[in-house]
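In: heads up, no residue letters with this:
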């Protein structure tokens, strides 16, 4: 099945114009490329049922996009806003997991529907 590129572009433009304020978490994570990468990394690990160790999320982000302090600033802000849950790992007490909150999951899934069928 071939993707309808015109429809994709139109949906993306409509999303940026009309839906920007519909989803609080989506708006937060779309503010810059580092936030996007962190958001996608955490969600990808969540949907793959992989461990979301903070260090593994950090390693997913290309190093030229931001420094470790920048990455931790985004993560800490997302945790403070309750978009991610920071949880001590049950097996290794030295590690913390990042888990998307119910709000983050729900809003991502609702937002992603605009791309269905493209």
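Out: That came through fine. Here the structure is a predicted model, which means the values were calculated and not measured.
In: Tell me, how many residues neighbour the spatially closest residue to residue 24 that is not a sequence neighbour?
Out: The shortest distance from residue 24 to any non-neighbouring residue, by CB to CB, 6 or more residues apart in numbering, is to residue 107 (6.9 Å). Just so you know, the C-beta spots here come from the backbone N, C-alpha and C atoms, and that holds for glycine as well. Residue 107 has 21 neighbouring residues, counting by other CB atoms under 10 Å.
In: Any buried residues in the host helix or strand of residue 107, and which?
Out: Using DSSP states H and E, residue 107 sits in helix 102-112. Residues 104, 107, 108, 111 are the ones in helix 102-112 that count as buried (16 or more other CB atoms under 10 Å).
In: starting at the chain centroid, how far to it?
Out: For helix 102-112, the distance from its own C-alpha centre to the chain's C-alpha centre is 10 Å (CA atoms, centre = their mean, to the nearest Å).
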